[in-house]
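**Q** any chance you could fold what I've pasted below:
(one chain, ligands or ions: 1)
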Amino acid sequence: MLTVCCKLDVPTELRPIVDATLQAFADTCTAVREVAEETGTTARFKLHHLVYRDMRARFGLSANLTCQAIARVAAALKAKHKRSTFKPTSASYDQRVFRLFEADWTASLTILGGARRFKLLLGEYQRRQLAGMDPTAATLAKHRNGRYYLHIQVRRVVPIPKPAVGVLGVDLGIKNLASLSTGERFGGAEVTRIRDHHQAMRAALQRKGTKGAKRLLRRLSGREQRYMAWINHTISARIVRFARHHALVVSLEDLTGIRERAKVRKSQRHKHHRWAFHQLRDFLEYKAVRDGVDLVLVNPAYTSQTCHRCLCIGKRAGDLFTCSHCGYSGHSDYNGACNIGLLGACVTRPEHSLFCILAG
Ligand SMILES: [Zn+2]
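**A** Predicted coordinates for the structure are as follows:
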């Protein structure tokens, strides 16, 4: 089990009701605890029969939240917690009183007066952890800073990977977003066209510099980010699906430290797109882990200069790679992806690795 902590957007008008719910939950817990002590009852089932009706009538919580409060006291007694009063800082929810909606990232929570939908303020990490998980338990919490949070519990199921039979080399770049050792390339013309369009708009608006221009700039940048995130999700999903289907290890360049800077500095013109480059890597990594596809990171030195056919140093001119030793010539990113695949195969040594690398 993994707990994902999410900020909850509680509108001002609902805050008193949420606070009252937390208070009622704490009061219920405290009262249940008193009964438990007076009667010497610690088992959840027995406690439930003793106090349920009375607690609901006294504190007005929904049936399920009352059950949750009783369960919490029983757990505290079992763990021999000394504390006998409960603070109004958290309430437990299960699938009858909590539901997550992935389409608009909202959560339905039952509070006093009924169920309400709340917006979750999520970062990339949290979305990734929650996507497709259909969680069934959560804790509503009010932290000391006065903000509301929802701690959502998700069950992590890591699929068992099939034994790999080959390696898929993936070269990530700024211009061609991803090139595969199968010969497939993602990004290119269409993405470049849209990016150039945005870049031109940005430049024009920056020159203008008025308040309205700045506002439009912000909106455009949001739109471009959403577009690139969508592209990156699509590409990474396709690569991981392909690798999973063919039982391939995905081989990527290890870009930690100095090499990362060196690789990205090459294209200053695309300074603005650096984050998208890293985002695609991130997406690939988490999707691979999620779907049980193995990843291997290889040393990126010479991957773009070496000829993947004969392993001699060749020449790269823009998109074209040529090797004077064996006469090979082809797309430089394809050649790079093949080298990354070959290195990955050296590290992982699956059977038939060469066949799969050269399949394209
Ligand atoms: Zn060659």
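**Q** spell out which parts of this protein neighbour the ion.
**A** 307, 309-310, 323, 325-326, 328 (C-beta under 5 Å from the ion). The way it works is simple: take the backbone N, C-alpha and C, and place the C-beta from them, glycine included.
**Q** which pLDDT value goes with the residue in the stretch 151-300 of the chain positioned nearest to the ion?
**A** Closest residue of the stretch 151-300 of the chain to the ion, C-beta to the ion: residue 181 (15.8 Å). Model confidence at residue 181, given as pLDDT, is 94.
**Q** now swap in residue 129 and tell me
**A** So residue 129 comes in at 84 (pLDDT).
**Q** got any ranges where the stretch 1-150 of the chain has weak pLDDT?
**A** Applying pLDDT under 70 to the stretch 1-150 of the chain flags residues 1.
**Q** and the helices in it?
**A** Taking DSSP state H, counting those that start in this stretch as the test, the helices found in the stretch 1-150 of the chain are 15-39, 44-59, 63-78, 124-130.
**Q** just the buried residues of the second one, please?
**A** Judged by neighbour count (16 or more other C-beta atoms under 10 Å), helix 44-59 contains these buried residues: 44, 47-48, 50-52, 55-56, 59.
**Q** next: the last one.
**A** Buried positions in helix 124-130, judged by neighbour count with 16+ other C-beta under 10 Å: 126, 128-130.
**Q** which one's the longest helix in the protein?
**A** Longest helix in the chain by number of residues (criterion: DSSP state H): helix 211-245.
**Q** show me which positions of it end up buried.
**A** So, applying 16+ other C-beta under 10 Å, buried residues of helix 211-245: 217, 224, 228-229, 231-232, 235-236, 239-240, 242-244.
**Q** which secondary structure elements does that helix sit against?
**A** Counting contacts by 3 or more C-beta pairs under 8 Å, 6 or more residues apart in numbering; DSSP states H and E, helix 211-245 is packed against strand 166-172, strand 176-180, strand 185-187, helix 189-208, strand 248-253, helix 274-290.
**Q** what packs against the longest one?
**A** Okay, so that is helix 189-208. Counting contacts by 3+ C-beta pairs under 8 Å, 6+ apart, helix 189-208 packs against helix 211-245.
**Q** may I see the buried residues of helix 44-59 arranged in TSV, with distance to residue 8 as well?
**A** Shown next, in TSV, are those (distance: C-beta to C-beta, whole Å):
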residue	distance to residue 8
44	28
47	30
48	29
50	33
51	29
52	28
55	25
56	25
59	22
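**Q** please report how far residue 110 lies from the ion.
**A** 67 Å (C-beta to the ion, to the nearest Å).
**Q** tell me what that residue is bridged to.
**A** On the basis of DSSP bridges, residue 110 is bridged to residue 115.
**Q** residue 67 is in contact with that one, correct?
**A** No. Using C-beta atoms under 8 Å, residue 110 is not in contact with residue 67, being 11.8 Å away.
**Q** below-threshold pLDDT in the stretch 151-300 of the chain: ranges please.
**A** Within the stretch 151-300 of the chain, the ranges that satisfy pLDDT under 70 run 156-162, 256-273.
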